[in-house]
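**Student:** sequence and predicted structure are below.
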Amino acid sequence: MRRRRWATQAEMASRLGTVPDVVNRALRKLAEGEMIHVERHQIQILDKEGLKAIAQVIE
């Protein structure tokens with residue numbers, strides 16, 4: 001599954017109420033965990049169930 005990401009990590013951070021470094025670290029951790037693949041302006045979801053599990057822990 002592919003989703004177009006916001007134009008920049010700065011814009012994504014602004015929408016989430018954080019800073020670009022935090023977004024960058026989060027995306028990198030998810031990519032290292034093989035849950036997503038990030039390339040240019042796209043984020044490919046590799047492990048939908050894994051992401052759901054993380055989201056439930058955060059709630």
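**Tutor:** Received the coordinates, thanks.
**Student:** A26: neighbouring residues, count only.
**Tutor:** Residues contacting A26 under the criterion other C-beta atoms under 10 Å number 16. Backbone N, C-alpha and C define where each C-beta goes, glycine included.
**Student:** check M12 too.
**Tutor:** M12 is flanked by 19 other residues according to other C-beta under 10 Å.
**Student:** again with H37
**Tutor:** When neighbours are defined as other C-beta under 10 Å, H37 has 13 of them.
**Student:** residue ranges of the strands in the chain, please?
**Tutor:** For the chain, the strands defined by DSSP state E occupy 2-4, 36-39, 42-45.
**Student:** looking at those, which is closest to P20?
**Tutor:** Across these, the minimum distance to P20, taken as C-beta to C-beta, is reached by strand 36-39, at 13.7 Å.
**Student:** partner strands of the closest one and their direction?
**Tutor:** Using DSSP bridges, the strands paired with strand 36-39 are strand 42-45 (antiparallel).
**Student:** in a markdown table, list the strands of the chain along with distance to V19 and mean pLDDT.
**Tutor:** Compiled in a markdown table, these are given as follows (distance: least, C-beta to C-beta, whole Å; pLDDT from 0 to 100):
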| stretch | distance to V19 | mean pLDDT |
| --- | --- | --- |
| strand 2-4 | 22 | 61 |
| strand 36-39 | 18 | 92 |
| strand 42-45 | 19 | 90 |
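**Student:** could those be laid out in JSON lines, adding distance to T18?
**Tutor:** Below are these laid out as JSON lines (distance: least, C-beta to C-beta, whole Å):
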{"stretch": "strand 2-4", "distance to T18": "19"}
{"stretch": "strand 36-39", "distance to T18": "17"}
{"stretch": "strand 42-45", "distance to T18": "17"}
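**Student:** quick one: closest of the ones you listed to Q56.
**Tutor:** Across the strands of the chain, the minimum distance to Q56, taken as C-beta to C-beta, is reached by strand 42-45, at 16.1 Å.
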